[in-house]
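Student: I'll drop the sequence and a predicted model, then ask my questions.
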There are 4 protein chains.
Amino acid sequence: MSSLKLVKFEGLMAPTFTPFDENNQVNYDIIEPYAKFLKSNGIEAILINGTTGEGMLMTVEERKKVTEKWQEVCKKLEILMMVQIAGCSFADVIELAKHAEKIEVDGVLCLPELYFKPKTIEKLVGYLKEISKFCPTRPLYYYHIPMFVSVDVPMAAFMELAKKEISTFKGIKFTSGDLEKGFPCLKHGQVYLGSDTILCGALALGFTSAIMTSLNIVPHLAIKIVEYMKKGEVEKAREQQMLLTEFVEKILKKGGGDWVPSMKKAFNENFKDMNLGCVRKPL
Amino acid sequence: MSSLKLVKFEGLMAPTFTPFDENNQVNYDIIEPYAKFLKSNGIEAILINGTTGEGMLMTVEERKKVTEKWQEVCKKLEILMMVQIAGCSFADVIELAKHAEKIEVDGVLCLPELYFKPKTIEKLVGYLKEISKFCPTRPLYYYHIPMFVSVDVPMAAFMELAKKEISTFKGIKFTSGDLEKGFPCLKHGQVYLGSDTILCGALALGFTSAIMTSLNIVPHLAIKIVEYMKKGEVEKAREQQMLLTEFVEKILKKGGGDWVPSMKKAFNENFKDMNLGCVRKPL
Amino acid sequence: MSSLKLVKFEGLMAPTFTPFDENNQVNYDIIEPYAKFLKSNGIEAILINGTTGEGMLMTVEERKKVTEKWQEVCKKLEILMMVQIAGCSFADVIELAKHAEKIEVDGVLCLPELYFKPKTIEKLVGYLKEISKFCPTRPLYYYHIPMFVSVDVPMAAFMELAKKEISTFKGIKFTSGDLEKGFPCLKHGQVYLGSDTILCGALALGFTSAIMTSLNIVPHLAIKIVEYMKKGEVEKAREQQMLLTEFVEKILKKGGGDWVPSMKKAFNENFKDMNLGCVRKPL
Amino acid sequence: MSSLKLVKFEGLMAPTFTPFDENNQVNYDIIEPYAKFLKSNGIEAILINGTTGEGMLMTVEERKKVTEKWQEVCKKLEILMMVQIAGCSFADVIELAKHAEKIEVDGVLCLPELYFKPKTIEKLVGYLKEISKFCPTRPLYYYHIPMFVSVDVPMAAFMELAKKEISTFKGIKFTSGDLEKGFPCLKHGQVYLGSDTILCGALALGFTSAIMTSLNIVPHLAIKIVEYMKKGEVEKAREQQMLLTEFVEKILKKGGGDWVPSMKKAFNENFKDMNLGCVRKPL
């Protein structure tokens, strides 16, 4: 069963951009060549409809269709696929959870409710538990990204409770630079680092996985960081990290400071024969 | 044209609950008696699909259908109706803007983008401007509610720019107790106070309109506050305000502290023959 | 006993500037004429060494000597005097509490600990209780000013507990525009509004006292607001409030946006024969 | 000149507790044995009057006398000594800067102004520049600890400007777990990590120095982490880090959650013949 694969996965996962055409509509046709390109660059797992993928700016129908297209391609190419299904009205989250279950995606990632924000660990666990009922066989992950959602309950304690309450809960995407808070999470499940600029430090602390937008553009840097750290060549790993961090800083500066528009623009400029289009409004 | 009426409106507007049945599905049949009940209590204007109305927890289709039902009833009863159309993915906001235009609601209220939050006045005005293109004849209002959305750009300066950039922009719902920030907004357009507990103070400062959940349950208190303040009977107004504020505190305490569940529960308990049902998850 | 007077006081209190000479040292000689000037403008009570008085930028010795000079003058002119004694190391706060007790000031105002900030009501009450032991006959007030100190525990609940725990606790200075939070404080003791721009609204809600920097410069505006509100002439009060609010906005704009430097500069420009000098660094 | 030594220092620095006697007065006599104890445990450099040292809870006279006592002992034992001189009124900071200059401490560490907080890099640099005039030959460091002071201007950009504007500026103490923000600081000067629980990750990213309270109690753990990381034995380093992090968690849990009281209590319990006394109020 494919869902077991994700539970055992360790390594780098690329959060994919959603390709749009000149009318800002999803460009389904380019998904297959884009996936092949990632695979040829060493990418074995992807996250779709996350922040990089502008999932929160798409309709439910678009999210389903995009998921199906990626699913088809990922099966062919043997790429693991996690799908972000939240960041929209709860009724729509449930709809997407059912869909994820039906087509058997490898894993499901959930943002918290964006409007009626949970203020306690218990509330957040309750939200995810409700969702899990509609995708009962899919590994479930929580998407912690406090600078976007202004939800910042303590993750280690949250994971401890979530594991007890939700049988399919497997871990989190930890998108924050605060490793003091991230480090204690490692003992409670899978933790995907969501930061490109401190991978090397996180690996030293015991992180084994990361979801990083830069894997779309310069995957060799992160791949080398992982390899060097495995061999204990910390200085060499750090050199690659410095290159990666400077690369990200340059892209952000050039792109105006906002993450998704800057990164998508950089992708399009670096790979001119694979245009993923502009970001959607209001980005 | 009905839309002109809202632009000239001054007074109290009830933010309606969305009635749900025992399966947590919209109970369309109860909308008409609920509207009649409000009208009979002195309510001349309503806001639907706002926070009280759990708009962000409904699907696009539900929001459209609910809007149409209320619209039909409001026309019959001569109630003005403002519709909150945002708090969901941008594609869905546009869909709801077109719908609001098509069925000619009296006014449109918009939350900011909840995920890719605007950090500047310019970004926020740009977001609303884009929406306004799809409802070009409807008066447009911005929904300022920083404790829920974590967007807190300065409202007075925002209104100044919005008026210049968007011809249909008419004002804001100011849901915050910070009258230092609210008072300077008054010279830039319509400002609906979104607080039940300080109406009396806001009226003294020159506010003329408010959208208050308690209008569903104890409309006479707010109505009296307005009347007394108009006559300069400040002490009598304050007495009513104290009753209202204590009433709200009691409801919140009894209901567990969260606004919408507490208020909806109080409504149902006070008016047993008009059950509006439970709130939706994750509330 | 003079301390009873402050407990019964209702009305406007001027937070005085600390006058500095051309070497940025305290100009003690100008305190008497400055006090006479305030008295002649209708001021019956003052707060010294607060934010406007730059108390946190002075040494303990300076604060004591300034207090003694004002005390001497205030007795002569029959002005009530509250002294802010905190915003420094705890050892120094205790030293200033003893001094306040010894010279029998009319009341004592305390900021919270600025570094090891209290995170609960209990911690904050404990801090004040400890201080109260060293000024056991002086009425004690807490200085709530969250935008400066980043301490923002709920004031109504705090006052309830403080009253029980500290026999000399009499009330707070509420320096925030959030009247939703300020209004419920009124039933627990004296509440001095610390905002110039919404006095009219606060009075409508039942506030009876305020500490406003603008009383140094344009006392007649606030005095008129109070008078009109007492008579129920709300519109006239509001007109004066609009003048006052615009006056403050103009001063802030002209002075660069920071409160104390802008206000002190405006004072000096308006009353050229009474130069109170520059603010201290790092202002 | 001793001050050069600190500029070239790399490694672990212990932030010392200030010892108090049973009357909560400074226990000067125990400073020498305490220093010998640290030295015998491998500590070559200390920070006094910081957070761990409760500097902000002492009077100016106490801070001077404590500094002199430590200075005398440190010279004898060849320990480098940095002194935290801020966190009090600006007049007092200047007094302490002059004193630090006069007795020639090895380095000076400064908190920002706690009340009139700087909101821009320029304001913060201006504050430090002013202080540097009074200790013109001492290496100057800024103490970044946003969770205590609520000042959080971007450190990398700050360091870039500070280096240009202040000739004695050498670096910062970075007390935050957010390595995304800390990593880019490394290219602009010395950066002392102020976190005990992620040392291993910070070293991988290129940090070379840290100021950690746990060095008072379990110095061998941090020392081993540094050694293993130097040799590329990342896994062994991580094992020690996990021991250290768990040790800190246990102490905090046992001590009630507040850092300084918990740590001081743990020190006293572990070394019964060297009692450093209780923390001061309001801790």
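Tutor: Looks like it arrived, so ask away.
Student: drop to CA atoms for contacts and neighbour counts, all remaining ones
Tutor: Noted.
Student: immediately after the lowest-mean-pLDDT helix or strand in chain A, which helix or strand?
Tutor: Ranking every helix and strand in chain A by mean pLDDT, DSSP states H and E puts helix A:2-8 at the bottom, with a mean of 81. Using DSSP states H and E, the next helix or strand after helix A:2-8 towards the C-terminus is strand A:12-15.
Student: and the next helix-or-strand element following that next one, what other elements does it pack with?
Tutor: Past strand A:12-15, further along toward the C-terminus, the next helix or strand under DSSP H and E is helix A:31-40. In terms of contacts (3 or more C-alpha pairs under 8 Å, 6 or more residues apart in numbering or on different chains; DSSP states H and E), helix A:31-40 is packed against helix A:60-77.
Student: Which positions in the helix it packs on come out as buried?
Tutor: A:60, A:63, A:64, A:66, A:67, A:68, A:70, A:71, A:73, A:74 (16 or more other C-alpha atoms under 10 Å in any protein chain shown).
Student: Check stretch A:233-240 too.
Tutor: Neighbour-count burial for stretch A:233-240 [16+ other C-alpha under 10 Å]: A:233, A:234, A:235, A:237, A:238, A:239, A:240.
Student: For residue A:211, which residues are in contact?
Tutor: A:12, A:13, A:14, A:15, A:47, A:173, A:192, A:193, A:194, A:195 (C-alpha atoms under 8 Å, 6 or more residues apart in numbering or on different chains).
Student: Read off the pLDDT value for residue A:131.
Tutor: Predicted confidence (pLDDT) at residue A:131: the value is 98.
Student: just for the stretch 51-200 of chain A, where's the confidence low?
Tutor: For the stretch 51-200 of chain A, applying pLDDT under 70 flags no range at all.
Student: For it, what lies in contact range of chain B?
Tutor: Contacts of the stretch 51-200 of chain A with chain B, taken as C-alpha under 8 Å from any C-alpha of the partner chain, map to A:56-59, A:87-92, A:113-117, A:126-127, A:148-150.
Student: Any of these buried? List them.
Tutor: Among those, the ones that count as buried by 16+ other C-alpha under 10 Å are A:56-59, A:87-92, A:113-117, A:126-127, A:149-150.
Student: if you look at those, which of them are in helices?
Tutor: A:90, A:91, A:92, A:126, A:127, A:149 (DSSP state H).
Student: these two touch, right, the third one and residue B:60?
Tutor: No: using C-alpha atoms under 8 Å, residue A:92 makes no contact with residue B:60, being 9.1 Å away.
Student: wait, which of the contacts of residue A:211 is closest to residue D:244?
Tutor: residue A:193 (22.0 Å; C-alpha to C-alpha).
Student: mind listing what the closest one touches?
Tutor: By C-alpha under 8 Å, 6+ apart, the neighbours of residue A:193 are A:173, A:174, A:175, A:199, A:202, A:207, A:209, A:210, A:211, A:212.
Student: and it, bridged to which residues?
Tutor: residue A:174, residue A:210 (DSSP bridges).
Student: tell me which element residue A:83 is part of?
Tutor: Assigned by DSSP H and E, residue A:83 falls in strand A:80-84.
Student: what residues does that strand touch?
Tutor: So strand A:80-84 is in contact with A:5-6, A:44-50, A:55, A:67, A:71, A:74, A:100, A:105-111, going by C-alpha under 8 Å, 6+ apart.
Student: Just the buried residues of those residues.
Tutor: Looking at the contacts of strand A:80-84 with 16+ other C-alpha under 10 Å, the buried ones turn out to be A:6, A:44-50, A:55, A:67, A:71, A:74, A:100, A:105-111.
Student: Show me what residue A:80 is bridged to.
Tutor: Bridge pairing for residue A:80 - DSSP bridges - gives residue A:45.
Student: and it, how far is that from residue B:159?
Tutor: In this view, residue A:80 and residue B:159 are 48 Å apart by C-alpha to C-alpha, to the nearest Å.
Student: Comparing these two, which shows the higher neighbour count?
Tutor: Neighbours per residue, other C-alpha atoms under 10 Å in any protein chain shown: of residue A:80 and residue B:159, the larger number sits with residue B:159, 25 against 22.
Student: chain center to the least confident helix or strand of chain A, what's the gap?
Tutor: Distance, stretch centre to chain centre, for helix A:2-8: 16 Å (C-alpha atoms, centre = their mean, to the nearest Å).
Student: pull the CA atoms of that helix into PDB?
Tutor: Provided in PDB are the C-alpha atoms of helix A:2-8 (Å, rounded to 0.1, in the frame of the first residue of the first chain):
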ATOM      1  CA  SER A   2       1.500   3.200  -1.200                       C
ATOM      2  CA  SER A   3       0.500   5.100   2.000                       C
ATOM      3  CA  LEU A   4       3.000   3.100   4.000                       C
ATOM      4  CA  LYS A   5       5.800   4.400   1.800                       C
ATOM      5  CA  LEU A   6       5.300   8.000   2.900                       C
ATOM      6  CA  VAL A   7       5.300   7.000   6.600                       C
ATOM      7  CA  LYS A   8       8.800   5.400   6.100                       C
END
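Student: what does it contact?
Tutor: A:80, A:104, A:105, A:106, A:107, A:137, A:138, A:139, A:170, A:190.
Student: mind redoing it with 7 Å?
Tutor: Contacts with helix A:2-8, where a contact means C-alpha atoms under 7 Å, 6 or more residues apart in numbering or on different chains, come from A:80, A:106, A:107, A:138, A:139.
Student: end to end, how far does stretch A:190-204 reach?
Tutor: 16 Å.
Student: any idea how far it is from the chain center?
Tutor: So, by C-alpha atoms, centre = their mean, the centroid of stretch A:190-204 is 13 Å from its chain's centroid.
Student: returning to what we had before: farthest pair in the contacts of residue A:211?
Tutor: A:47 and A:195 (14.3 Å).
Student: same for the top helix by length along chain A, what does it pack against?
Tutor: In chain A, assigned by DSSP H, the helix with the most residues is helix A:234-255. Contacts defined by 3 or more C-alpha pairs under 7 Å, 6 or more residues apart in numbering or on different chains; DSSP states H and E place helix A:234-255 against helix A:199-205, helix A:219-230, helix A:259-270, helix D:199-205.
Student: now those helices in JSON lines, with mean neighbour count and distance to chain C?
Tutor: As requested, these are exported to JSON lines (neighbours: other C-alpha atoms under 10 Å in any protein chain shown; distance: least, C-alpha to the nearest C-alpha, whole Å):
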{"stretch": "helix A:199-205", "mean neighbour count": "27", "distance to chain C": "30"}
{"stretch": "helix A:219-230", "mean neighbour count": "19", "distance to chain C": "39"}
{"stretch": "helix A:259-270", "mean neighbour count": "19", "distance to chain C": "30"}
{"stretch": "helix D:199-205", "mean neighbour count": "27", "distance to chain C": "24"}
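Student: In TSV: those, plus distance to residue B:28.
Tutor: Formatted as TSV, those follow (distance: least, C-alpha to C-alpha, whole Å):
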stretch	distance to residue B:28
helix A:199-205	53
helix A:219-230	53
helix A:259-270	41
helix D:199-205	57
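Student: In which helix or strand does residue A:95 reside?
Tutor: Here residue A:95 is assigned to helix A:90-102, by DSSP H and E.
Student: can you list contacts of the following helix or strand past that helix?
Tutor: Note on helix A:90-102: by DSSP H and E, the next helix or strand toward the C-terminus is strand A:107-110. Residues outside strand A:107-110 that contact it (C-alpha under 7 Å, 6+ apart): A:3, A:6, A:81-86, A:138-143.
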